[in-house]
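K.L.:
A predicted structure for the sequence below; I have some questions about it.
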Amino acid sequence: MHEHSSSRGRRTRGAGTIALSLGLCLCAGQLIGSSPASAATATPITAVSASAAAKVRPVVKTTYSTRKIKSGAKVKVTAKYINPANGKVVTSGTVRLQAFRKGKWVNQTSKKLGSSGSVALSMAPKTSGYLRAVYAGSSKFSSLAGGKTYISVVPNGNKIINEAKKHVGSLYKFGAAGPSRFDCSGYTMYVYRKTIGKKLPHKANSQQNYGKSVAKGNKQIGDLIVFRNGSYGYHAGIYAGSGYMYDSPHTGARVSKRKMIGSNYVVRRLA
């Protein structure tokens with residue numbers, strides 16, 4: 001019995017010791033977990049991290065040098081970016097000039113922002129359409145697409161067409177190159193030399209190799225049109241817009257404005 005009691009007493013004391021130790025550990029854990037200094041330190045760290053992750057949306061002021069230009073001329077687009085939080089300029093990041101073409105925005109040129117917070121971008125649009133400046137963003141600022149602006153491109157062909165009109169009614173004569181009689185290539189040769197000083201050979205097949213090649217869908221008034229049989233150019237005229245042209249067609253006919261005569265042709269831009 002004594003031995004049994006003694007063993008029982010040791011177990012009781014052991015359990016008490018374990019409980020006491022556990023209690024001290026729990027108290028220590030509670031003291032550490034609820035430490036005011038530790039809690040005060042944890043909250044600001046979380047707040048600073050969230051603030052650092054947030055990006056500022058800049059404000060942009062965009063100006064255009066013109067909204068109407070002649071074909072081949074340039075339009076200058078200036079964009080300046082401001083931090084709305086403090087009113088200071090944004091000095092980091094890249095700005096792209098985009099043109100809206102065939103249903104989508106297409107990058108044209110780009111520059112990086114400097115100490116002034118502004119960039120000047122320029123391009124020579126070939127056709128009328130919308131332009132815009134797009135800020136690509138940085139580690140501090142979010143990206144931003146500026147408002148779109150329509151730029152109207154006026155063809156240089158007005159001067160050419162005005163000269164072409166002056167000769168409406170002139171009789172066709174084979175081998176003639178003006179000023180009162182013309183064959184087809186003599187007519188185009190005379191008009192382009194008179195208006196823009198461009199010298200062309202007196203043959204339609206040779207004229208198709210002059211100037212800049214232009215897609216049929218992009219032709220403008222004043223462009224040279226050369227009709228072909230296969231790849232051989234046999235007739236020349238001057239595009240008048242909306243599917244019409246000025247030409248000196250054949251013997252017995254006169255210079256006139258008329259519907260274009262076929263679909264096998266090339267377009268050359270001389271102006």
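P.N.:
Noted; the coordinates are in hand.
K.L.:
three-state assignment of Thr188?
P.N.:
Remark: Thr188 carries the secondary structure label helix [criterion: DSSP: H, G, I helix; E, B strand; the rest coil].
K.L.:
which residues does it contact?
P.N.:
Contacts for Thr188 were tallied using CB atoms under 8 Å, 6 or more residues apart in numbering; they are 200, 207, 224, 236-238, 247. Where C-beta positions appear, they are placed from N, C-alpha and C, glycine not excepted.
K.L.:
now for the residues you listed, which pair is the farthest apart?
P.N.:
In terms of CB to CB, these reach their longest pairwise distance at Leu200 and Asp247, which sit 14.3 Å apart.
K.L.:
closest to Arg96 out of the contacts of Thr188?
P.N.:
Leu224 (35.1 Å).
K.L.:
I'd like to know the average pLDDT value across stretch 64-76.
P.N.:
Here the mean pLDDT over stretch 64-76 is 91, rounded to a whole number.
K.L.:
got it, and stretch 213-233?
P.N.:
For stretch 213-233, mean pLDDT is 95.
K.L.:
need the distance between the two termini of it.
P.N.:
Using CA to CA, to the nearest Å, the span of stretch 213-233 from its first residue to its last is 14 Å.
K.L.:
quick check: buried residues in it?
P.N.:
Of the residues in stretch 213-233, 214, 219-228, 233 count as buried by neighbour count, 16 or more other CB atoms under 10 Å.
K.L.:
just the ones of those residues in strands?
P.N.:
214, 224-228, 233 (DSSP state E).
K.L.:
looking at the contacts of Thr188, which is nearest Val56?
P.N.:
Compare each of the contacts of Thr188 with Val56 using CB to CB and the shortest gap goes to Leu224, at 53.8 Å.
K.L.:
look up the closest residue to that closest one, ignoring the ones flanking it.
P.N.:
Arg268 (4.4 Å; CB to CB, 6 or more residues apart in numbering).
K.L.:
so that neighbour sits against Ser213, correct?
P.N.:
Yes: under the criterion of CB atoms under 8 Å, Arg268 makes contact with Ser213 at 6.5 Å.
K.L.:
quick one: contacts for the residue nearest to Leu224?
P.N.:
Here Arg268 is in contact with 207-208, 210-214, 223-224, 226 (CB under 8 Å, 6+ apart).
K.L.:
wasn't it part of a strand?
P.N.:
Yes: secondary structure assignment places Arg268 in a strand (three-state DSSP).
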